[in-house]
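> Sequence and predicted model, in that order:
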Amino acid sequence: MKPVDSAESGAAGLSRRQLLAMAGPGLFLSFSVDCLSAQEPARLPARQGYPTDINAYLRIGPDGRVTCFAGKVELGQGAMTVLAQILAEELDVAYASVDMVLGDTDLCPYDMGTFGSMNVRYFGPALRGAGAEAKAILLQMAAEQLQSPAARLQVKDGIVTDPSTPGKSVTYGLLVQGKRIERHIEGVPVKPVTAYTVVGRAAPRKDALEKVTGKARYCGDFTFPGMLHARLVRPPAHGARFQAADTSAAEKTGARIVRDGDMVAVLHERPDLADKALALVKAQFERPRPTMDDKTIFDHLLKTAPPPQNVGAAGDLAQGEKASASFVEETYLNSYVPIRPPPSWRTARPPCGPAPRPRFPCANRWRRPSGSPRKTSASSLPTWAAASAARVPPDRRWRRRAWRKPPASLYRSCGTAPKSSSTIPSAPRRWSRSAPA
């Protein structure tokens, strides 16, 4: 099996781009299987439906603050923010008045986990329905207290008012008083998207303040009396056999050494000192001779792969082939691509930190040791930084072997390069397909 790069032609001389071009204009249909069934390991239990009791999702305190409960966790994808927006939208309360409780198995509704893009797609509708039902119940309670028709009441920021009677209002907090909502209404419609005022608009992240101030606590921040951090001595290659290990230098640092057969572990109260002690362990392994390379790895993966599983099926493939004007079959393979950039690229100093979008405007804030502003012309920047100013798409910038010099108009549009194109450096040969994407 010959590896075929996705950007080049396959064994039959047909790339994916050429396949689409050959198909001509028309409607292209794509499909996907259920992301849950495709991504959930077989060992996990069957999925459970979300509860129908709205108290499982929210609680309204006497002060009017709303607590949202969700089985998801915040991994940087914005779950804490977007779920608060969804609930604030349906309840018609202020976004700032919503507090989030995520992943607490004692308080939050059951959830399989945070994976497979299920945050908004699956839990979002359940939370919307709970918020819409809670709002309808609160309007009923407010209508009874204000002696006004529920259809005439209006809600804003958790305050129910009767527009026909100025000064006549009641808050969610006074209606509920921090207690459970025991009523239930079937089939309450959710708010239409055209009426949204919170969802779809920029909002400060709920997790931002604690993260930027260092108050956020992660798993590694939790310690218990007598807890030790372990570091394992790993073999240098798959199948390598352990022979011996000299741990005398690591023991002098105060680390505890644990041996169990060919396993050697270094333990310490502090994780950083455990790392340093691990680096002092001198282990010897017998490396096996390689049995495959980047060309034969594909055959190995196919031979050792588990039996295929059908995660979804629909239609008749044989009938579809008969109805097709032509049938194209091709195999695309991609060789190993290192994530870390080559040493020659790591020596270059990136302008204004790691890949900011307004890279060159940020460069104006640079200061030399003498305090003078840094010049930002293309001739004073590294070649790869000057290339970024041209705003060439990354796929073209990394994959083209032969580069044409970018036009000066592109540099002038960034406001960074001189008007003369003679000072714009050409791209070096190292910008090629072999560079990591």
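In hand now; what should we look at?

> Based on its surroundings, how many neighbours for L273?
As a burial measure, L273 scores 16 neighbours (other CB atoms under 10 Å). Bear in mind the C-beta positions are built from the backbone N, C-alpha and C, glycine included.

> which residues does the closest residue to it other than its chain neighbours contact?
Nearest residue to L273 in three dimensions, chain neighbours excluded: T253, at 6.4 Å (CB to CB, 6 or more residues apart in numbering). Listed by CB atoms under 8 Å, 6 or more residues apart in numbering, the contact set of T253 reads H268, L273, K276, A277, L280.

> pLDDT added to these, as CSV?
Conversion of the contacts of T253 to CSV gives the following (pLDDT from 0 to 100):
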residue, pLDDT
H268, 95
L273, 95
K276, 96
A277, 96
L280, 96
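
> Restricted to strands, list those residues.
Per DSSP state E, strands hold the following members of the contacts of T253: H268.

> Pick out the most distant pair among the contacts of T253.
With CB to CB as the measure, no two of the contacts of T253 lie farther apart than H268 and L280, at 11.7 Å.

> Mind checking which of these two has more residues around it?
More crowded of H268 and L280, by other CB under 10 Å: H268, with 21 against 16.

> That one contacts A255, doesn't it?
Yes - at 4.7 Å, H268 counts as touching A255 under the criterion of CB atoms under 8 Å.

> quick one: low-confidence ranges for the stretch 301-437 of the chain?
336-437 (pLDDT under 70).

> if we can go back for a sec, can you tell me the SS state at the residue nearest to L273?
coil (DSSP: H, G, I helix; E, B strand; the rest coil).

> hey, where'd the strands end up in the stretch 201-350 of the chain?
229-232, 241-246, 256-260, 263-268, 282-286 (DSSP state E, counting those that start in this stretch).

> And the contacts of the fourth one?
For strand 263-268, the external contacting residues (CB under 8 Å, 6+ apart) are 228-233, 242, 245, 247, 250, 253-259, 274, 277-278, 281, 283.

> That one pairs with which strands, parallel or anti?
strand 229-232 (antiparallel), strand 256-260 (antiparallel) (DSSP bridges).

> can you pull the buried residues of the last one?
Think strand 256-260. For strand 256-260, burial by neighbour count (16 or more other CB atoms under 10 Å) applies to I257.

> pLDDT of it, averaged?
In this model, strand 256-260 carries a mean pLDDT of 95.

> Repeat that for the first one.
Average pLDDT, strand 229-232: 94.

> tell me which residues of that strand are tucked away?
H229, R231.

> From A208, how far out is the residue lying closest to V155 once chain neighbours are set aside?
In space, not counting the residues next to it along the chain, V155 is nearest to D92; the distance is 4.2 Å by CB to CB, 6+ apart. According to CB to CB, to the nearest Å, D92 and A208 sit 24 Å apart.

> Please say which of those two ends up with more neighbours.
Set D92 next to A208 and count neighbours by other CB under 10 Å: D92 wins out with 22 against 12.

> which residues touch that one?
Shown in contact with D92 (CB under 8 Å, 6+ apart): K135, V155, K156, D157, G158.

> quick check, nearest of these to A143?
V155 (11.7 Å).

> What average pLDDT does the strand or helix carrying the closest one get?
Assigned by DSSP states H and E, V155 belongs to strand 154-156. Taken as a whole, strand 154-156 carries a mean pLDDT of 94.

> neighbouring contacts of the helix or strand that contains Q145?
Element membership for Q145 (DSSP H and E) is helix 124-146. Under the contact criterion CB under 8 Å, 6+ apart, helix 124-146 has outside partners 50, 54, 56-58, 60, 68, 70, 82-83, 86-87, 89-92, 148-150, 153, 155, 160, 162, 165, 168-170, 172, 175-176, 181, 183-185, 188-191.

> L58 bridge partners, please.
Per DSSP bridges, the residues bridged to L58 are C68.

> residue contacts, it?
Neighbouring residues of L58 by CB under 8 Å, 6+ apart: V66, T67, C68, F69, L87, L91, A130, G131, A134.

> try 10 Å this time
Contact analysis of L58 by CB atoms under 10 Å, 6 or more residues apart in numbering lists 66-70, 87, 90-91, 98, 127, 130-131, 134, 181.

> now the strands: where do they sit in the stretch 1-150 of the chain?
With DSSP E, counting those that start in this stretch as the criterion, the stretch 1-150 of the chain has strands spanning 58-60, 66-70, 98-102.

> So which of those strands is nearest A203?
The closest of those to A203 is strand 98-102. By CB to CB, the value is 10.3 Å.

> show me where the stretch 251-400 of the chain has helices.
Per DSSP state H, counting those that start in this stretch, the stretch 251-400 of the chain carries helices over the ranges 271-279, 297-304, 317-323, 343-346, 359-363, 383-389, 394-399.

> Select from the contacts of L58 the one having the most neighbours.
Comparing the contacts of L58 by number of neighbours (other CB under 10 Å), A70 comes first, having 30 neighbours.

> ok, it - contacts?
56-58, 79-80, 83-84, 86-87, 100-104, 107-109, 111, 114, 119, 123-124, 126-127.

> Going through these, which ones are buried?
Buried subset of the contacts of A70 (neighbour count, 16+ other CB under 10 Å): 56-58, 79-80, 83-84, 86-87, 100, 102-103, 108-109, 111, 114, 119, 123-124, 126-127.

> about what we covered before: spatially, which two of the contacts of L58 are the most separated?
So for the contacts of L58, where distance means CB to CB, the most widely separated pair is A70 and I181, at 17.7 Å.
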